[in-house]
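**Student:** Provide a 3D model corresponding to the input given below.
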Amino acid sequence: MIASAISTTVNKYDHTKEMILSEGYDIGTSYPSTPFDISAGLANREGEYVAFLCSLPKINQGEVEAASGGSCNHPLEHPADLNLPFVTITYLVRSQVVSRNGINVGGKQETYLCVVLPPNGVIVNVSPTWFTIAPEGSKIWK
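**Tutor:** Residues are numbered from 1 along each chain as shown. You can find the predicted model right below:
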């Protein structure tokens, strides 16, 4: 459920507002995609992904804006803050604080417990370790 709540920057429709299709078994056929075809969905280029691109070191923000049609008005504090259900840091020196935003899309209050399996040689701290989110509410944790 937490992975679903985190995957808030994707959708099942493409940039033309049409449902994303998957290739069918017969040549030239297609069918509406399911999570087994596309996972959580298609990254929303107007949303957090543009902020991710704009937060990359040594990036030309004008080129990002021209290519994506988005705006670099709100870059992420760190590229690893892209709100996905996993964390990737390619070059970790000392420490890095990473944020995630969970959204309760359900109609009842939900309580979440954070569990981390850190890579060998890495110490991971999560704060808060558990939290409750009201219906339609959200919570940021690090």
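**Student:** for the protein, what spans make up the strands?
**Tutor:** Assigned by DSSP state E, the chain shows strands spanning 10-11, 21-23, 30-32, 42-43, 100-103, 110-113, 130-133, 138-141.
**Student:** Ends of stretch 84-101, what's the gap?
**Tutor:** Terminal residues of stretch 84-101 lie 9 Å apart, using C-alpha to C-alpha, to the nearest Å.
**Student:** May I see the buried residues of it?
**Tutor:** Buried residues in stretch 84-101, counting neighbours by 16 or more other C-beta atoms under 10 Å, are found at 84, 98, 100. (C-beta placed from N, C-alpha, C; glycine too.)
**Student:** What distance do you get for the second one to E23?
**Tutor:** Spelled out, that is V98. The gap separating V98 from E23 is 35 Å, by C-beta to C-beta, to the nearest Å.
**Student:** related to what we said a few turns ago, now the strands of the chain in TSV, with mean pLDDT and distance to L56?
**Tutor:** Shown next, in TSV, are the strands of the chain (pLDDT from 0 to 100; distance: least, C-beta to C-beta, whole Å):
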stretch	mean pLDDT	distance to L56
strand 10-11	59	20
strand 21-23	75	30
strand 30-32	79	34
strand 42-43	51	15
strand 100-103	81	19
strand 110-113	88	29
strand 130-133	88	30
strand 138-141	82	21
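**Student:** quick one: low-confidence ranges for this structure?
**Tutor:** 1-15, 34-46 (pLDDT under 70).
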